[in-house]
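Enquirer: here are the coordinates; sequence isn't available:
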């Protein structure tokens, strides 16, 4: 199945659809196709694992860090702004 | 205290919110818990802590002004991210369209760039301090790619939503996202190589 010329075609298709797969933008049929290919092709499975890990790492950076100074600064700006609006 | 003052009718110039819109007095309670997330998002846009501070403040002031438009029950964090992104890009000349949008181009890109880097990427992702590295490297991405990565990966927008907000076709979002992630992956590999955490292969 995934050998020789057929395999290269499938790998190209898998690479093209990989992000769509990982981002949940494929149809059920397309998902089934790519999952079948990833189960059969070690190289594509590894590429998929790397992409999945990168995306998860990016998503994980959406949160945390802490900066109390910034919080105080923004809070002060908000309250100044609100106070100004109140006077107007 | 100050919060009480904010809540006092004499201070708050809150318009009567139409049904379904959040009242202004909820702004601090709803928006401030996301301050650090917004700041980190701003850093990814600007690449500078000082600029991220300024952008975060601007974001919150813009959000306060637009609070009456916020739909109660919507995702506040995502709303703030969008305001932050809009504040950053506002007034900046948009980069010329850098990418074509055809799937065939993606396929050829994929075929070339995937070869042999997955193992390095996995090793790099395991060994470097990912959080700061990703923040910094996203900030270095070309603007259009940075925007796509932030919208889809950080804000959690669908391709359709990202296309609508950036005013480009879905294929362009897909292509920009692909290239942005690819550049990011290569930058993280280079970091790991430079730090001697993985072997240098290229």
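Expert: Cool, got the structure. Keep in mind that this is a model prediction, so the values were computed, not measured.
Enquirer: quick one: the helices in chain A, in order.
Expert: A:4-22, A:28-40, A:42-60, A:68-87 (DSSP state H).
Enquirer: ditto for chain B
Expert: Going by DSSP H, chain B shows helices at B:2-7, B:27-31, B:35-46, B:49-65, B:76-89, B:103-113, B:118-127, B:130-140, B:143-149, B:159-166, B:170-194.
Enquirer: pull out the buried residues from the shortest one.
Expert: Of the residues in helix B:27-31, B:27, B:28, B:30, B:31 count as buried by neighbour count, 16 or more other CB atoms under 10 Å in any protein chain shown. The C-beta positions use only the backbone N, C-alpha and C, and glycine is treated the same way.
Enquirer: which ones are touching the last one?
Expert: Residues counted as contacts of residue B:31 (CB atoms under 8 Å, 6 or more residues apart in numbering or on different chains) are B:60, B:63, B:64, B:67, B:76, B:80.
Enquirer: closest one to chain A out of those residues, please.
Expert: Ranked by distance to chain A (CB to the nearest CB), those are led by residue B:60 at 5.0 Å.
Enquirer: show the pLDDT at the closest one.
Expert: Note for residue B:60: predicted pLDDT of 94.
Enquirer: which residue comes closest to it once chain neighbours are left out?
Expert: residue A:74 (5.0 Å; CB to CB, 6 or more residues apart in numbering or on different chains).
Enquirer: does that neighbour touch residue B:58 like I think?
Expert: No. The pair residue A:74 and residue B:58 fails to qualify as a contact (CB atoms under 8 Å) at a distance of 9.8 Å.
Enquirer: who has more neighbours out of the two?
Expert: For residue A:74 versus residue B:58, neighbours defined as other CB atoms under 10 Å in any protein chain shown are more numerous around residue A:74 (23 against 18).
Enquirer: how close does residue B:142 get to chain A?
Expert: Computed as CB to the nearest CB, to the nearest Å, the residue B:142 to chain A distance reads 16 Å.
Enquirer: distance of the residue of chain A found nearest chain B from residue B:184?
Expert: In chain A, no residue comes nearer to chain B than residue A:15, which is 3.3 Å away by CB to the nearest CB. Look at residue A:15 and residue B:184: by CB to CB, to the nearest Å, they are 17 Å apart.
Enquirer: so for stretch B:149-157, mean pLDDT?
Expert: For stretch B:149-157, mean pLDDT is 90.
Enquirer: check stretch B:131-145 too.
Expert: Averaging pLDDT along stretch B:131-145 gives 89.
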